[in-house]
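*Asks:* Below: sequence and its predicted model.
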Amino acid sequence: AQEAIAEQATRVGMPYVNQRWLGGMLTNFSTVYKRLQRLKELEQIDFEDVAASGLTKKELLVLSREKAKLEKTLGGIREMQKVPSAVWIVDTKKEHIAVGEARKLNIPVVAILDTNCDPDEVDYKIPGNDDAIRSVTLLTRVIADAVAEGLI
């Protein structure tokens, strides 16, 4: 389901998180934004050309590892400039940190609710199976289409 979320979000030009949700990603966005700036700095470095970079091989290796880590955790929100106005969450049980942060900031939460989820935490409930890849793909595509229609 991670690939489907990334694919649909990229299609409509929206930020996404398909890895582990980092605590404070919304509530502490100023710090996250600094890390995004650092990721953009690291993307400017040419890791293949050791001589031109003016850095040693070890320094380049450390920087490339830092870039890979930042890309894995923050790659989907790379272009995000501010806190979103709504959040789409697939598994509210697993992503309870994201739901909690959105609730604190009064951001509307749109989510797929399975039988094991609490419907009181979500503003816009979509009943469905959040474990099946096909249902997640279908519902994410429908939401992405709605976002694309809203952007026009």
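*Replies:* Everything's here; your move. All values derive from a computational prediction rather than experimental measurement.
*Asks:* now Arg141: how far from Ile5?
*Replies:* Look at Arg141 and Ile5: by Cβ to Cβ, to the nearest Å, they are 10 Å apart. Using the backbone N, CA and C atoms, a C-beta is placed for each residue, glycine as well.
*Asks:* which of the two has more neighbours?
*Replies:* Remark: of Arg141 and Ile5, Ile5 carries more neighbours, 20 against 14, as counted by other Cβ atoms under 10 Å.
*Asks:* Phi, psi for the residue positioned nearest the centre of the chain please.
*Replies:* By Cα atoms, centre = their mean, the chain has its centre lying nearest to Val17, at 1.8 Å. When quoted as degrees, to the nearest 10, the phi and psi of Val17 stand at phi -130, psi 110.
*Asks:* thought it was touching Met80?
*Replies:* No - taking contacts as Cβ atoms under 8 Å, Val17 lies outside contact range of Met80: 10.0 Å.
*Asks:* about what we covered before: in contact with the residue nearest to the residue nearest to the centre of the chain when sequence neighbours are not counted, which residues?
*Replies:* In this structure, Val17 finds its nearest non-sequential neighbour in Gly76, 5.4 Å apart by Cβ to Cβ, 6 or more residues apart in numbering. Shown in contact with Gly76 (Cβ atoms under 8 Å, 6 or more residues apart in numbering): 6, 9, 15-19.
*Asks:* any idea how far Gly76 lies from Ala51?
*Replies:* For Gly76 relative to Ala51 (Cβ to Cβ), the value is 34 Å.
*Asks:* And for Val136?
*Replies:* According to Cβ to Cβ, Val136 stands 47 Å off from Ala51.
*Asks:* Strands along the protein, start to end?
*Replies:* Here the chain has its strands, by DSSP state E, at 87-89, 109-113, 124-127.
*Asks:* Adding distance to Lys40, mean neighbour count and mean pLDDT, write those out as CSV.
*Replies:* Output for these, formatted as CSV (distance: least, Cβ to Cβ, whole Å; neighbours: other Cβ atoms under 10 Å; pLDDT from 0 to 100):
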stretch, distance to Lys40, mean neighbour count, mean pLDDT
strand 87-89, 23, 22, 94
strand 109-113, 29, 22, 94
strand 124-127, 33, 13, 94
